[in-house]
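S.K.: could you work out the structure for the sequence below:
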Amino acid sequence: MPGRKVKGNVDAELVLQAMIDFPHYDQAVIVTSDGDFACLVRYLKEQGKLRAVLSPEHERSSVLLRKAAKHDHVQLSDLRHLLEYKKQQAPAGAC
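M.R.: Predicted coordinates:
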């Protein structure tokens, strides 16, 4: 229909691809705040293949996702001091 947006189902495709590739990786790092990935996170955790779940912002991170990941859930905002670029000052006398 003209004027209607087509909604993709990227979440389902990513979960499916993670399962297709399952035999080919040792550890997975999932970067999301979306609770739609909670079932994948739980399964990877049960299989010993979950390394971490990284979520950009705590306020937008799904409770379902946090419960599924438990101690393997990391808020990127908590690591900002380690990850952000800090421009270094040039030494005195340098051009």
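S.K.: CA only for contacts and neighbour counts going forward, please
M.R.: Noted.
S.K.: now do the strands in the chain.
M.R.: 28-31, 50-55, 73-75 (DSSP state E).
S.K.: quick one: distance of the second one to the chain centre.
M.R.: The offset between the C-alpha centroid of strand 50-55 and the centroid of the whole chain comes to 6 Å, using Cα atoms, centre = their mean, to the nearest Å.
S.K.: quick one: residue 25 and residue 19, what's the gap?
M.R.: Noted for residue 25: a distance of 10 Å to residue 19, by Cα to Cα, to the nearest Å.
S.K.: the two: which has the busier surroundings?
M.R.: Neighbour comparison, residue 25 and residue 19: the larger count goes to residue 19, with 14 against 9 (by other Cα atoms under 10 Å).
S.K.: for the more buried one, give me the pLDDT.
M.R.: Per-residue confidence (pLDDT) for residue 19: 97.
S.K.: distance of it relative to residue 44?
M.R.: For residue 19, the distance to residue 44 (Cα to Cα) stands at 9 Å.
S.K.: gap between residue 34 and residue 87?
M.R.: 33 Å.
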